[in-house]
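return atomic coordinates for the entry below.
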Amino acid sequence: MAARRFYRTVCKYLPTLMEMYKLDELTTMKTLQNSVKNIFYQNAHVKDLNKINVMVHKGDEELRLLLRMHKQRHHVVSKETTTRWTAVLDSDY
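Okay, here's the model as predicted:
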């Protein structure tokens, strides 16, 4: 339940983050949403409530840092690019 609520919160703030970090030069909203969705699907196997709460807490902290502009654009771009390339390399052709 907490993970679903956090996912909705992240999706709600994606347009704001795209504008703040000027990510529309590099990616589309749909691609960014798919990246977030893939991160949540990678952790779908976790069933322990304590682990889920810790992951939600860490994600919430990360989101707060992004919204407060405590990370530079370079960090956000490299994280998103790394996530995208990891998904491409992990997929079976």
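
what's the pLDDT at residue 82?
We have a pLDDT of 62 for residue 82.

where are the low-confidence patches of the chain?
The model of the chain has pLDDT under 70 over residues 80-93.

name the element the residue nearest the centre of the chain belongs to?
Note on the chain: the residue nearest the mean C-alpha position is residue 36, at 4.2 Å, using Cα atoms, centre = their mean. Under the criterion of DSSP states H and E, residue 36 resides in helix 29-42.

return the alpha-carbon coordinates of that helix using CSV.
C-alpha atoms of helix 29-42 as CSV (Å, rounded to 0.1, in the frame of the first residue of the first chain):
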residue,chain,number,x,y,z
MET,A,29,7.6,12.1,-20.2
LYS,A,30,6.6,8.7,-21.4
THR,A,31,10.2,7.4,-21.3
LEU,A,32,10.7,8.8,-17.9
GLN,A,33,7.5,7.2,-16.6
ASN,A,34,8.5,3.9,-18.1
SER,A,35,11.9,4.1,-16.3
VAL,A,36,10.1,4.7,-13.0
LYS,A,37,7.7,1.9,-13.7
ASN,A,38,10.6,-0.5,-14.4
ILE,A,39,12.3,0.4,-11.2
PHE,A,40,9.2,-0.5,-9.3
TYR,A,41,8.7,-3.7,-11.2
GLN,A,42,12.3,-4.7,-10.5
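
for residue 18, see how far away residue 30 is.
Here residue 30 is placed at a distance of 11 Å from residue 18 (Cβ to Cβ, to the nearest Å). C-beta: built from backbone N, CA, C; applies to glycine.

neighbour-wise, which of the two wins?
residue 18 (18 against 8; other Cβ atoms under 10 Å).

now do the contacts for the more buried one.
Contacts for residue 18 (Cβ atoms under 8 Å, 6 or more residues apart in numbering) come out as 24, 29, 32.

how about a cut-off of 10 Å?
Applying Cβ atoms under 10 Å, 6 or more residues apart in numbering, we find residue 18 in contact with 24, 25, 26, 27, 28, 29, 32, 76.

hmm, back to that, neighbours of the nearest residue to the residue nearest to the centre of the chain once chain neighbours are set aside, how many?
Leaving aside its sequence neighbours, residue 36 sits nearest to residue 10 (Cβ to Cβ, 6 or more residues apart in numbering; 5.7 Å). Close neighbours of residue 10, defined as other Cβ under 10 Å, add up to 20.
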